[in-house]
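Undergrad: got a predicted structure plus its sequence, pasted below:
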Amino acid sequence: MMLKPWYLGPVLTAVALVASAYWWQAEKDRWAPPEARRPDLPKVEPIPQTASMRARQALERPVFWVSRRPLDVDDKKGSVARELTQSRLTAVLESGGERVAILQRADGSTLKITAVTQPWRIVSFDGRKAVFASADEGQVERPLEAGSLAAAPVKLGPVADRARNPAASQ
């Protein structure tokens, strides 16, 4: 008796399914997980806990202690730099190769810095900010700010009054 080929495909599929189910049932109790292993971690060295020069003052005198006071600094160059950073750049006048920056100090007085003043001099101005340099190559950038907020009212003379109100002058 000869089997027809279209019967052979479903018969082989059924035999494979029965063999897989038998193997699944017979072998499922034999499985065991592999034994646990420690992972291979790289050797880590601790970071040295030396205080950097920046944090030395904070470590010696913590911030919230009652005895904390600012350091006594008698540095004229630092005070000029501090004065420059606290000032407002109100104008920069340029004529030929000459440049003069006019700054307003915190107390309201003016400070004029040119390209040859010491210890700070104006290096560049791009229309929005000026760059100042010191003799020891320190640099400070200041943005150009509007004039003082408390500008004095402008007193108009008789010519300006006539130009503003021509009917009153007749």
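TA: On my side now, so go ahead.
Undergrad: could you pull out the strands in the protein for me?
TA: Assigned by DSSP state E, the strands in the chain fall at 88-95, 98-104, 110-114, 120-125, 129-134, 139-143.
Undergrad: between those, which one is closest to E45.
TA: Of all those, it is strand 139-143 that lies closest to E45, at 38.9 Å by Cβ to Cβ. (Glycine included, C-beta is placed from N, CA and C.)
Undergrad: may I have that closest one as CSV, with CA atoms only?
TA: Presented in CSV, the C-alpha positions along strand 139-143 are these (Å, rounded to 0.1, in the frame of the first residue of the first chain):
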residue,chain,number,x,y,z
GLN,A,139,40.0,90.6,32.4
VAL,A,140,36.6,91.9,33.3
GLU,A,141,33.7,92.3,30.9
ARG,A,142,31.0,94.9,31.6
PRO,A,143,27.8,95.2,29.6
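Undergrad: any chance of the strands of the chain in CSV, plus mean pLDDT, distance to P42 and mean neighbour count?
TA: Shown next, in CSV, are the strands of the chain (pLDDT from 0 to 100; distance: least, Cβ to Cβ, whole Å; neighbours: other Cβ atoms under 10 Å):
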stretch, mean pLDDT, distance to P42, mean neighbour count
strand 88-95, 88, 53, 15
strand 98-104, 89, 56, 18
strand 110-114, 88, 56, 15
strand 120-125, 88, 49, 18
strand 129-134, 88, 47, 18
strand 139-143, 86, 43, 13
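Undergrad: possible to save these as JSON lines with distance to V15?
TA: Formatted as JSON lines, the strands of the chain follow (distance: least, Cβ to Cβ, whole Å):
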{"stretch": "strand 88-95", "distance to V15": "93"}
{"stretch": "strand 98-104", "distance to V15": "97"}
{"stretch": "strand 110-114", "distance to V15": "99"}
{"stretch": "strand 120-125", "distance to V15": "90"}
{"stretch": "strand 129-134", "distance to V15": "86"}
{"stretch": "strand 139-143", "distance to V15": "86"}
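Undergrad: need the contact list for A91.
TA: Counting by Cβ atoms under 8 Å, 6 or more residues apart in numbering, A91 makes contact with A101, I102, L144.
Undergrad: beta partners for the first one?
TA: This points to A101. V92, I113 (DSSP bridges).
Undergrad: spit out the contact partners of it.
TA: Applying Cβ under 8 Å, 6+ apart, we find A101 in contact with L89, A91, V92, K112, I113, T114, I122, F125, A130, F132.
Undergrad: distance check, E94 against F132.
TA: 15 Å (Cβ to Cβ, to the nearest Å).
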